[in-house]
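*Asks:* Okay, sequence plus prediction incoming.
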Amino acid sequence: MFRRTDKSEPTSAAAPAPGTTAKGTGAKGRPTPTRREAEAAARARARSATDSKEARKQQRARRAEESRKMRAGMKAGDERYLMARDKGPVKSFVRDFVDGRVSIAEFLLPLLLVTFLLQASGNDALVRFGGALWSTTILVVVLDTLWLVFRLKRALKARFPEENLRGTTFYAVLRALQVRPLRSPKAKVRIGGAPKV
């Protein structure tokens with residue numbers, strides 16, 4: 001009934017030990033790299049890290065150069081680098097119109113500082129003089145600005161009859177309030193010069 005097995009029959013090949021493969025590559029399923037291979041891989045990783053650091057450094061240098069060119073272009077009035085509020089022939093005309101005259105408004109900040117010093121002196125005569133100086137300055141600035149706006153609107157309607165002139169008055173007043181050397185874009189016409197179209 002029971003089949004008798006012959007102990008002399010050849011058995012199957014022994015199974016590989018646990019944790020190894022048939023090729024003896026270890027538990028990772030791949031051969032362990034030699035020292036030379038490991039050192040080459042480490043050198044490649046170090047070179048890659050150095051290259052990426054150098055690439056980041058070059059990228060920062062490129063960005064700094066582009067920013068410098070952009071700032072220089074904005075100061076020079078290059079249309080490619082101007083902000084949207086400064087672009088166009090109308091805004092260029094407004095800038096030249098304002099820069100071609102002496103605006104009392106640009107002296108407002110220095111006169112405010114002088115008035116403050118006079119008020120802080122404690123001398124009654126200087127305090128009164130400072131108050132009168134400030135009141136007179138405000139009145140003159142208002143009159144000068146109204147005259148600027150009136151002349152500018154007339155010039156814009158004559159030069160750009162089909163253009164949208166919205167915002168040009170505010171733009172001109174802000175330009176007139178800035179001290180001439182600090183204006184951006186920089187003034188392209190001298191005082192007394194005619195605006196360029």
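*Replies:* Looks like it arrived, so ask away. These numbers were taken from a predicted model, which means no experiment stands behind them.

*Asks:* From now on I want contacts and neighbour counts done on CA atoms only, so please keep to that.
*Replies:* Noted.

*Asks:* ok, which stretches of the protein are helices?
*Replies:* Applying DSSP state H to the chain gives helices spanning 35-76, 89-99, 108-120, 124-159, 168-177.

*Asks:* Which of these sits closest to residue 185?
*Replies:* helix 35-76 (4.3 Å; Cα to Cα).

*Asks:* gap between that closest one and the chain center?
*Replies:* In terms of Cα atoms, centre = their mean, to the nearest Å, the centre of helix 35-76 is found 21 Å from the chain centre.

*Asks:* helices or strands next to it in the packing?
*Replies:* Contact here means 3 or more Cα pairs under 8 Å, 6 or more residues apart in numbering; DSSP states H and E; on that basis helix 35-76 packs against no helix or strand.

*Asks:* OK, contacts around residue 126?
*Replies:* The contact partners of residue 126, by Cα atoms under 8 Å, 6 or more residues apart in numbering, come to 118, 119.

*Asks:* Check it and give its pLDDT.
*Replies:* Here the pLDDT value assigned to residue 126 is 85.

*Asks:* Find the nearest non-adjacent residue to residue 140, please.
*Replies:* residue 104 (7.3 Å; Cα to Cα, 6 or more residues apart in numbering).

*Asks:* if I pick that neighbour, what's in contact with it?
*Replies:* Residue 104 neighbours (Cα under 8 Å, 6+ apart): 140, 141, 144.

*Asks:* And for the spatially closest residue to residue 153 that is not a sequence neighbour, the neighbour number?
*Replies:* Leaving out its chain neighbours, the residue that sits closest to residue 153 by Cα to Cα, 6+ apart is residue 169, at 7.7 Å. For residue 169, the neighbour count with other Cα atoms under 10 Å is 16.

*Asks:* Make sure residue 169 is actually in contact with residue 149.
*Replies:* Yes. The pair residue 169 / residue 149 is scored as a contact, 6.3 Å apart, by Cα atoms under 8 Å.

*Asks:* Mind splitting this structure into its structural domains?
*Replies:* Split into domains by automatic domain parsing, the chain comes to 34-81, 84-182.

*Asks:* what about the longest one, how long is it end to end?
*Replies:* So the one you mean is domain 84-182. Across domain 84-182, the terminal residues are separated by 19 Å (Cα to Cα, to the nearest Å).

*Asks:* Just want the most central residue of the chain.
*Replies:* residue 67 (6.9 Å; Cα atoms, centre = their mean).

*Asks:* Distance check, that one against residue 180.
*Replies:* 24 Å.

*Asks:* Over to residue 151?
*Replies:* If you go by Cα to Cα, the gap between residue 151 and residue 180 works out to 20 Å.

*Asks:* thinking again about what came up before, indicate which one of the domains of the chain is closest to residue 190.
*Replies:* Taking Cα to Cα, domain 84-182 is the member of those nearest to residue 190, at 5.6 Å.
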